[in-house]
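A.B. asks: Sequence and predicted structure are below.
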Amino acid sequence: MNLHQGMTGLETKFCRLGEAVQVTDGTVIEGYGSLFGKCDQGGDIVAPGAYATSLKTLMNKGHAVKMLWQHDPTQPIGVWDEVREDDKGLYVKGRLLTDVVKGREAAALIEAGAIDGLSIGYRTKKAQKNAKGQRLLTELELWEVSLVTFPMLPDARVDAKGDTHEVDALRELADVINDARLSLARDSRAPF
């Protein structure tokens, strides 16, 4: 299911920064942009190896996966120095560029715990429905990994800092927003 599909046909998939996310020196960030075998709120499951062809093609062409702010192609905020698949999912490590205003803002928001999500921008190359009606994504053309406010994969969470009641309320709000997005996505007349 496509939560967002713009005029270019680019799809997005959200994932919270995992427990292994680290931000060092205020600029280096690492974590997972996607987790294998986990069903997200859109009913999609990414299969191991789904990114392999895309990553190889990018490397052969000398291109890189972009680091964007909230999927906005006019707001690159850093560079991914390492993007690879491992047994857990799509691992990313890169640097926020603090010479860019949004890069400084992103670093501050991550360190404060206000932003804890990553989202991939991709095109589906191969997918199939399983017996439960979920879409198993077996080959994806990866374009970008963004830092985002609302992730779609609730199993990959970062430990919250601060008042847990406030954090729980924000998570509930995120769930309501994601449910609304799913309802709109199901309506084929929704203008995305």
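C.D. replies: Structure received.
A.B. asks: Quickly find the element holding residue 109.
C.D. replies: The secondary structure element spanning residue 109 is helix 101-112 (assigned by DSSP states H and E).
A.B. asks: For residue 45, grab the count of nearby residues.
C.D. replies: Neighbourhood size, residue 45 [other Cβ atoms under 10 Å]: 20. (Glycine included, C-beta is placed from N, CA and C.)
A.B. asks: next one: residue 89
C.D. replies: For residue 89, the neighbour count with other Cβ under 10 Å is 23.
A.B. asks: So which bits of the helix holding residue 109 are buried?
C.D. replies: Taking 16 or more other Cβ atoms under 10 Å as the neighbour-count basis, helix 101-112 is seen to contain the buried residues 102-107, 109-110.
A.B. asks: can you check stretch 54-72 too?
C.D. replies: Neighbour counts using 16+ other Cβ under 10 Å place 54-55, 58, 65-71 of stretch 54-72 among the buried residues.
A.B. asks: any chance of those in TSV, plus distance to residue 77?
C.D. replies: Written out in TSV, the entries for those read as follows (distance: Cβ to Cβ, whole Å):
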residue	distance to residue 77
54	21
55	21
58	19
65	13
66	10
67	6
68	7
69	5
70	9
71	12
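A.B. asks: Just the CA trace of the helix holding residue 109, in CSV.
C.D. replies: Backbone C-alpha positions of helix 101-112 (Å, rounded to 0.1, in the frame of the first residue of the first chain) are rendered in CSV as follows:
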residue,chain,number,x,y,z
VAL,A,101,20.0,25.3,8.6
LYS,A,102,17.8,22.2,8.5
GLY,A,103,20.8,20.0,9.2
ARG,A,104,21.4,21.9,12.5
GLU,A,105,17.8,21.8,13.3
ALA,A,106,17.6,18.1,12.7
ALA,A,107,20.6,17.4,14.9
ALA,A,108,19.0,19.4,17.7
LEU,A,109,15.6,17.7,17.3
ILE,A,110,17.2,14.2,17.3
GLU,A,111,19.2,14.9,20.4
ALA,A,112,16.2,16.3,22.2
